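Asks: what would the 3D arrangement of this be:
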Amino acid sequence: MGAVSQVWRRLGSDVAANLGFFTRLPLGSAAPGAPDFRRIGWATPLAGALIGLLGAIVLMAARAASLPSLVSAVLAVAAQVVVTGALHEDGLADVADGFGGGRDRESKLAILRDSRIGTYGAAALVFDLMLRVATVAALTRPSAAYAGAALMLAGAIARGAALGPLAWLPPARRDGVGARAASLGPFSLRPAAVTLAALALALGLFELGVVRALFAFVIAAAVARLFAELARRHIGGQTGDVCGAAAALAELATLLALLIGGRDA
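Replies: Got it, this is the predicted structure:
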């Protein structure tokens, strides 16, 4: 019993540390900067699934209240954006501005540090949110439960993808969240990948279909990997904004992959 309770305590502690970093919830360590993802990275997808669960609850409640699917999808996505403090959306906007508007590595890094949003960033945010809302609304056609499970899987994969640049790229500068998190190393992603695969299998068996869930996992992982290589070309490494953008793109890729072909028969 002691060993079992210790496992549960570690599970709760590691998930809380992830939620404390990825959301505005008062959980985890109060220390500034990124937590030790070498230790807690295995639980990062679980925290992401809980963020997705929040969106799923809002979506299903809205549908139960007979709200249209588009309105329900807007409320679900908005709930996730609010609870995360638009963390990944901010990263996506900054990366779009930096990569799109910077002339060289130094100017791109300077734009990434600038909190103001530019034309590229605004366009990226509009397209991302529009696509997410439209895709979630379309995923309700099989059922609200199907769309809810999709939000959970997308949330898990997004937070797992946020660790990808930390494992694949060196820090692009000496300060910032990306530098404080340091490079995880490619093998450090294995625990998170195992957790993600287990979640994909479970959600596949529950609602999404195993093949479709694993397909979405693979597609999102490929998108995150390609984006990491794009960041290498532009700035030679990773920053916190790059990690946030990887999460946003992987989340959208997951939802779109689940939409392809409709529900499994």
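
Asks: every contact and neighbour count from this point should use C-alpha atoms.
Replies: Fine.

Asks: for the protein, what are the low-confidence residue spans?
Replies: Along the chain, segments meeting pLDDT under 70 span 1-4, 28-33, 175-183, 185-187, 261-265.

Asks: residue nearest the centroid of it?
Replies: Nearest to the mean C-alpha position of the chain, by C-alpha atoms, centre = their mean, lies Ala158 at 2.2 Å.

Asks: residues contacting that residue?
Replies: Shown in contact with Ala158 (C-alpha atoms under 8 Å, 6 or more residues apart in numbering): Pro45, Gly48, Ala246, Ala247, Ala248, Leu249, Ala250, Glu251.

Asks: burial count for the nearest residue to Gly160 once chain neighbours are set aside?
Replies: Leaving aside its chain neighbours, Gly160 sits nearest to Pro45 (5.4 Å; criterion: C-alpha to C-alpha, 6 or more residues apart in numbering). Using other C-alpha atoms under 10 Å, the number of residues around Pro45 comes to 31.

Asks: quick check: Pro45 vs Ile51, distance?
Replies: 10 Å (C-alpha to C-alpha, to the nearest Å).

Asks: what's the overlap in contacts for these two?
Replies: Common contacts of Pro45 and Ile51, defined by C-alpha under 8 Å, 6+ apart, comprise Gly155.

Asks: which of the contacts of Ala158 sits closest to Arg190?
Replies: Distance to Arg190, by C-alpha to C-alpha, is smallest for Pro45 among the contacts of Ala158, at 12.0 Å.

Asks: neighbours around Ala220, how many?
Replies: 27.

Asks: who's in contact with it?
Replies: Ile157, Leu249, Ala250, Glu251, Ala253, Thr254.

Asks: three-state assignment of the closest residue to Ala56 other than its chain neighbours?
Replies: Once flanking residues are discounted, Ala56 sits nearest to Gly148: 4.1 Å by C-alpha to C-alpha, 6+ apart. Under DSSP: H, G, I helix; E, B strand; the rest coil, the three-state class of Gly148 is helix.

Asks: stretch 59-70: which residues count as buried?
Replies: Leu59, Met60, Ala62, Arg63, Ser69, Leu70 (16 or more other C-alpha atoms under 10 Å).

Asks: next, count neighbours for the closest residue to Gly118 other than its chain neighbours.
Replies: Using C-alpha to C-alpha, 6+ apart and skipping residues adjacent in sequence, the residue nearest Gly118 is Asp97, 6.0 Å away. Asp97 has 24 neighbours, counted by other C-alpha under 10 Å.

Asks: and what of Ala257?
Replies: 22.

Asks: thought it was touching Ile219?
Replies: Yes - the pair Ala257 and Ile219 passes the contact test of C-alpha atoms under 8 Å, sitting 7.0 Å apart.

Asks: and the strands in the stretch 51-200 of the chain?
Replies: Applying DSSP state E, counting those that start in this stretch to the stretch 51-200 of the chain gives no strands.

Asks: surely Leu27 is within a helix?
Replies: No - counting by three-state DSSP, Leu27 is not part of a helix but coil.

Asks: burial measure for it, as a count.
Replies: When neighbours are defined as other C-alpha under 10 Å, Leu27 has 15 of them.

Asks: returning to what we had before: looking at the contacts of Ala220, state which has the most neighbours.
Replies: Ile157 (36 neighbours).

Asks: ok, that one to Arg38 distance?
Replies: 17 Å.

Asks: repeat for Leu199
Replies: Taken as C-alpha to C-alpha, the span from Leu199 to Arg38 is 20 Å.

Asks: more crowded one of those two?
Replies: Legend: neighbour count by other C-alpha under 10 Å for Leu199 and Arg38, higher for Leu199 (21 against 17).

Asks: if I look at the more buried one, how far off is Ile157?
Replies: Noted for Leu199: a distance of 9 Å to Ile157, by C-alpha to C-alpha.

Asks: how about residues contacting stretch 60-79?
Replies: Residues contacting stretch 60-79 (C-alpha under 8 Å, 6+ apart): 54-59, 132-134, 136-138, 140, 144-145, 148.

Asks: that stretch: end-to-end distance?
Replies: 13 Å.
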